[in-house]
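Asker: next come a sequence and a model predicted from it.
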Amino acid sequence: MSALRNRTIEPVPAFAEALERLRGEAAGSSGRALEQRNAAFERFQALGVPTSRVENWKYTNAASFANRPFALAPRGTVDSSLIIPHFAGGHKARRLILVNGRTIPQFSHLGGLPAGMTVRPLAQVLAETPELVDRTSVNDEPEHSFEALNRALVEDGAWISLEDGVALDEPLQVISILTEAESAFMTHPRHVIRLGKDAKLRLILTTVALGQADSLMNQVETVEIADGADLTIDRTLEQGQGRSAITRSRFVLGSRSRLQQTTASIGGSLIRHEMEARLRGTHSEAILNGLMMPRGTEHVDTLIRMHHEMPDCQSDQFYKTVADDRGRAVFAGKIFVHKDAQRTNSYQKNDSLLLSDDAEIDAKPELEIYADDVKCSHGATCGDLDPASLFYLRSRGLDEALARSMLTFAFTGEVLERIADESVEHIVRRMILSRLPGGERLAELG
């Protein structure tokens, strides 16, 4: 433990104060469930808050963003007019709305779900059957400190379950709203998603911070995709200055199952997304796409661990990064091909665009292969805008700022094309253009 302590720092007292406040109040904070919370918090204290001396946090100083005196998020709601602009998936989409990590039933729409599909606030499950939340085959990896903290302080989230053969024709959108606040606050939502055999779901995960505040969202997701099931996720994170978000997603895929996720991370002092995908059935497929666009002093960090454990599986990681001003982005993707995973086909690519001499992008693609009949490749590129292309656009009458924005927007296009839901694509397009000089004019040009 002393070696670990040399690489971590002690958590601030605010976390223990938050746990004390939750005892006896939050769902799942009595009896056996309270024992589990206490054990998780002890684990968090033992692990400590990671510093850049921990390999997985080499390029991100978590302590400066997260080890601060946050209080538990205030209860409350927001006007529906502030939520409606973030609706996606069409008018028939089902929606679960969370504000500051707690579900708001009056804004949610979960009627007409097919038989065999359950969508519930996690708080109900924690209150009635808390053992279900932890009884999952996903949890094979050792917890890191923020996941342990989530287990200790979780209050609510989404419980999504589809039985064998169930399919939802329209998307399900989970919207997480963070409100304005005068004092710093934190929230620790947890999403549990389970698809039975041959089930099918299109999921939209939307996180939006409204106004100014100093906040930390520490989210954990456990996702089980059984044999033959198909899960598509479109994910957007749109935050502002002072907002920090740490998300850990764990996926387990069965035979002939499929996962496709596309993520757009826009804004926020810190956005950190860790993904652990385990292909545990033959002929399964995992596709992870993403776009990161830090500017100012923003910091976006993506960590992916793709485990091929069985033969005849495929995976694809495709991420693009645009960094401006003093923004910093990190992409660390690693492919593990285990001994029995013969005939693996795995691909990883990270393309980066630097728009400023002060911006920084750190890329760390890795392969670790223990099988001999595989096809694996990885690569990373980094550069600035092509002078010849800029000259061509300038010669056609565009000013330099608009020409640069047009080329930058074109660079993001390959990720936009991979977004499954058309309405989400329009939202991400708007998010990108809002960050580019002359973005309104580009929107008018189509």
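Answerer: Ah, there it is.
Asker: quick one: mean pLDDT for stretch 285-303?
Answerer: For stretch 285-303, mean pLDDT rounds to 96.
Asker: against R396, how distant is S356?
Answerer: Counting by CB to CB, to the nearest Å, the separation of S356 from R396 is 25 Å. (C-beta placed from N, C-alpha, C; glycine too.)
Asker: ok, those two, which is more surrounded?
Answerer: Legend: neighbour count by other CB atoms under 10 Å for S356 and R396, higher for S356 (13 against 8).
Asker: the more buried one should be in a helix, yeah?
Answerer: No. Counting by DSSP: H, G, I helix; E, B strand; the rest coil, S356 is not part of a helix but coil.
Asker: test my guess that it contacts R326.
Answerer: Yes. If you go by CB atoms under 8 Å, S356 and R326 touch, sitting 7.2 Å apart.
Asker: how about N150, what does it touch?
Answerer: Each residue near N150 by CB atoms under 8 Å, 6 or more residues apart in numbering is listed here: H188, R190, N218, Q219, V220, R248.
Asker: outline the domain layout of this protein.
Answerer: Domain ranges of the chain: 2-281, 388-446, per automatic domain parsing.
Asker: got TSV for these, with distance to T344 too?
Answerer: Shown next, in TSV, are the domains of the chain (distance: least, CB to CB, whole Å):
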stretch	distance to T344
domain 2-281	9
domain 388-446	22
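Asker: ok, which of those comes nearest H308?
Answerer: H308 lies closest to domain 2-281 among the domains of the chain, at 5.3 Å (CB to CB).
Asker: the nearest residue to P121 once chain neighbours are set aside and L110, how far apart?
Answerer: The shortest distance from P121 to any non-neighbouring residue, by CB to CB, 6 or more residues apart in numbering, is to T103 (3.9 Å). Separation of T103 from L110 (CB to CB): 10 Å.
Asker: who's more crowded, these two?
Answerer: Neighbours were counted for T103 and for L110 using other CB under 10 Å; T103 has more, 22 against 15.
Asker: wait, the more buried one touches V125, no?
Answerer: No. Between T103 and V125 there is no contact under CB under 8 Å: 11.5 Å.
Asker: check contacts around H283.
Answerer: S255, R256, D312, C313.
Asker: next structured bit after the stretch of helix or strand E274 belongs to?
Answerer: Secondary structure assigned from DSSP states H and E places E274 in strand 270-279. Next helix or strand after strand 270-279 toward the C-terminus (DSSP H and E): strand 285-292.
Asker: how about I97, nearest residue that isn't a chain neighbour?
Answerer: Closest to I97 by CB to CB, 6+ apart is F107, at 4.1 Å.
Asker: right, I mislabeled it, should have said R53
Answerer: R7 (4.1 Å).
Asker: so that neighbour makes contact with N56?
Answerer: No. Counting by CB under 8 Å, R7 stays clear of N56, with 10.6 Å between them.
Asker: what residues are shared contacts of these two?
Answerer: Counting by CB under 8 Å, 6+ apart, the common neighbours of R7 and N56 are P50.
Asker: hmm, back to that, tally of neighbours for the residue nearest to R53?
Answerer: Under the criterion other CB under 10 Å, the count of neighbours that R7 has is 14.
Asker: ok, S423 to H91 distance?
Answerer: When S423 is compared with H91 (using CB to CB), they lie 10 Å apart.
Asker: of these two, which one has the most company?
Answerer: S423 (18 against 7).
Asker: name the element that one belongs to?
Answerer: helix 422-433.
Asker: relative orientation of that helix and strand 285-292 in degrees?
Answerer: 30 degrees (axes from the mean of the first three to the mean of the last three CA atoms, to 10 degrees).
Asker: can you name every helix or strand that helix 422-433 contacts?
Answerer: strand 230-238, strand 258-266, helix 400-416, helix 439-445 (3 or more CB pairs under 8 Å, 6 or more residues apart in numbering; DSSP states H and E).
Asker: what sits up against that helix?
Answerer: 86-90, 204, 234, 236, 238, 264, 266, 291, 293, 409, 412, 416, 419, 439-440, 442-443.
Asker: show the average pLDDT along it.
Answerer: Averaged across helix 422-433, pLDDT comes to 94.
Asker: stretch 187-196 now?
Answerer: The average pLDDT within stretch 187-196 is 96.
Asker: just say helix, strand or coil for the residue nearest to I97.
Answerer: Note that with three-state DSSP, the state of F107 is coil.
Asker: separation between it and H86?
Answerer: 11 Å.
Asker: with that, I have no additional questions.
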